[in-house]
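Colleague: Fold the following.
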Amino acid sequence: MASISIIIPHYNNYQILNDCLESLYESELHGAEIIIVNNNSTDDSIKKIITKFSNPIIISTPTNLGYAGGCNYGAKHAKGELLVFLNNDTEVEKEWLTQLIKTMENQTRIASVQPKILNKNNQKTFDYAGASGGFIDKYCYPFARGRIFNTIENDDGQYDDMKRIFWASGTGFITRKSIFNELGGFDENLFAHMEEIDYHWKCQLNGYEVYANPKSVIYHLGGGTLSYQSAYKTYLNHRNSLLLLLSNYNFINTIKFSIIRIMMECISCMKDLASLRFKHAFAQINSLLWIIVHPHIIIRRRKIIKKIRKKTDQELINDIIFNKSIVYQYFIKKNRKYQLL
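Modeller: Residues are numbered from 1 along each chain as shown. Below is the predicted model:
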């Protein structure tokens with residue numbers, strides 16, 4: 001069996017990390033090393049963890065590197081051939097890791113596998129962040145089996161089949177260290193949010209596949225580090241989605257899809273203004289401004305994509321990218337569940 005490293009980026013909040021570690025040590029770990037990346041926490045959570053747990057490896061960053069940088073930092077210190085990235089506000093079932101490993105074994109084309117992710121506070125419902133496997137439409141709007149925009153389904157076993165997906169959730173997934181290093185890890189320009197979608201888009205372009213194995217189950221609190229109501233979260237989601245759209249397609253598709261996407265961004269901004277969500281509206285405006293003043297980052301990312309690309313955009317659109325608008329499906333056609341798409 002391949003060696004395994006579990007990497008947990010952490011910024012403040014002792015209780016959620018304590019609960020995560022307690023559930024990990026009650027599960028089947030297969031000799032995995034556990035690495036906690038202390039992302040420059042300002043509280044005493046790490047001190048308390050060191051006092052209570054003797055096994056985790058604690059490494060500290062000089063500044064808060066975000067999810068992307070924290071995970072990359074942990075990966076550099078990891079000894080495992082398989083890397084598991086796990087949020088600090090998760091808890092796991094006993095066989096969660098066993099099931100992920102089984103899917104990876106003898107399947108060299110599989111880059112990553114994610115578990116079924118349920119809400120920690122309401123374990124009969126899927127979690128917002130990844131549910132039972134992630135997808136993306138051609139305009140770079142993400143959704144998942146079990147969650148489209150703010151509609152979250154109950155888990156009634158409807159998505160319990162193992163399925164090829166577009167992206168595995170950064171809440172928790174396993175990947176091969178060799179592929180992670182080959183593709184440059186997470187893009188730290190993203191800081192947090194959608195870095196796992198970017199990584200798995202690169203995996204898809206490079207000819208690898210990504211799967212969800214719902215026999216593996218974890219529970220996610222969500223918003224443990226950054227609240228779902230945070231305008232900064234809105235900013236990161238919109239900015240990073242636009243950055244992926246402008247970087248990961250060929251030039252023609254970038255222009256074609258961006259025109260419609262910018263129109264939808266304007267509508268979304270006006271909707272927030274009409275709802276008196278002024279901070280969120282300005283967050284979307286700021287995300288567009290960031291894109292405008294950072295063309296060098298887009299150019300650099302496009303060069304990286306060109307080097308790793310083994311599949312065309314059209315191959316992915318025909319195969320795994322949702323070749324429709326999820327916005328239109330959800331808001332106009334009222335298809336609020338994955339099964340209805």
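Colleague: so where is the chain shaky, pLDDT-wise?
Modeller: Within the chain, the stretches with pLDDT under 70 are 223-226.
Colleague: Name the residue most distant from the centre of it?
Modeller: Within the chain, the residue lying farthest from the chain centre (Cα atoms, centre = their mean) is T51, at 30.8 Å.
Colleague: for that one, what are its contacts?
Modeller: T51 sits next to no residue when contact means Cβ atoms under 8 Å, 6 or more residues apart in numbering. Yep, even glycine has a C-beta here, placed from its N, CA and C like the rest.
Colleague: Would you mark the buried spots in the helix or strand where it lies?
Modeller: Secondary structure from DSSP states H and E places T51 in helix 45-52. Residues S45, I46, I49 are the ones in helix 45-52 that count as buried (16 or more other Cβ atoms under 10 Å).
Colleague: Phi and psi next, for the residue nearest to A131 when sequence neighbours are not counted.
Modeller: Closest residue to A131 apart from its sequence neighbours, by Cβ to Cβ, 6 or more residues apart in numbering: G146 at 3.2 Å. In terms of degrees, to the nearest 10, the main-chain angles of G146 are phi 110, psi -10.
Colleague: From Q339, how far off is G146?
Modeller: For G146, the distance to Q339 (Cβ to Cβ, to the nearest Å) stands at 10 Å.
Colleague: about what we covered before: the residue nearest to A131: how many residues sit nearby?
Modeller: For G146, the neighbour count with other Cβ atoms under 10 Å is 27.
Colleague: As a check, name the ranges of all helices in the stretch 1-150 of the chain.
Modeller: Listed in chain order, the helices found in the stretch 1-150 of the chain under DSSP state H, counting those that start in this stretch are 14-25, 45-52, 66-77, 96-104.
Colleague: want to try JSON lines for those, with distance to G185 as columns?
Modeller: Listed next are these as JSON lines, based on distance: least, Cβ to Cβ, whole Å:
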{"stretch": "helix 14-25", "distance to G185": "22"}
{"stretch": "helix 45-52", "distance to G185": "23"}
{"stretch": "helix 66-77", "distance to G185": "5"}
{"stretch": "helix 96-104", "distance to G185": "18"}
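Colleague: Which among those helices is found nearest to K306?
Modeller: When those are compared by Cβ to Cβ, helix 66-77 sits nearest K306, at 21.2 Å.
Colleague: ok, and what's touching that closest one?
Modeller: For helix 66-77, contacts defined as Cβ under 8 Å, 6+ apart pick out 5, 7-11, 35, 37, 39, 57, 59, 61, 64-65, 83, 85, 170, 177, 180-181, 185-188, 190-193, 195.
Colleague: Show the buried residues in these.
Modeller: Among these, those scoring as buried are 5, 7-11, 35, 37, 39, 57, 59, 61, 64-65, 83, 85, 170, 177, 180, 185-188, 190-193, 195 (criterion: 16+ other Cβ under 10 Å).
Colleague: now stretch 188-198, how far from the chain's geometric center?
Modeller: Centre-to-centre, stretch 188-198 and its host chain are 8 Å apart (Cα atoms, centre = their mean, to the nearest Å).
Colleague: And stretch 89-104, by the same measure?
Modeller: Counting by Cα atoms, centre = their mean, stretch 89-104 comes out at 17 Å from the chain centroid.
Colleague: same check, this time on stretch 99-119
Modeller: 15 Å.
Colleague: Check the gap between the closest residue to Y199 other than its chain neighbours and I7 for me.
Modeller: Excluding the flanking residues, the one nearest Y199 by Cβ to Cβ, 6+ apart is F186, at 5.7 Å. Using Cβ to Cβ, F186 is found at 11 Å from I7.
Colleague: Strands along the stretch 1-150 of the chain, start to end?
Modeller: Along the stretch 1-150 of the chain, the stretches classed as strands by DSSP state E, counting those that start in this stretch are 4-10, 33-38, 57-60, 82-86, 90-92, 110-119, 134-136, 142-144, 147-148.
Colleague: Output the contacting helices and strands for the longest one.
Modeller: Yep, that's strand 110-119 we're talking about. In terms of contacts (3 or more Cβ pairs under 8 Å, 6 or more residues apart in numbering; DSSP states H and E), strand 110-119 is packed against helix 96-104, strand 172-176, helix 195-205, strand 209-220.
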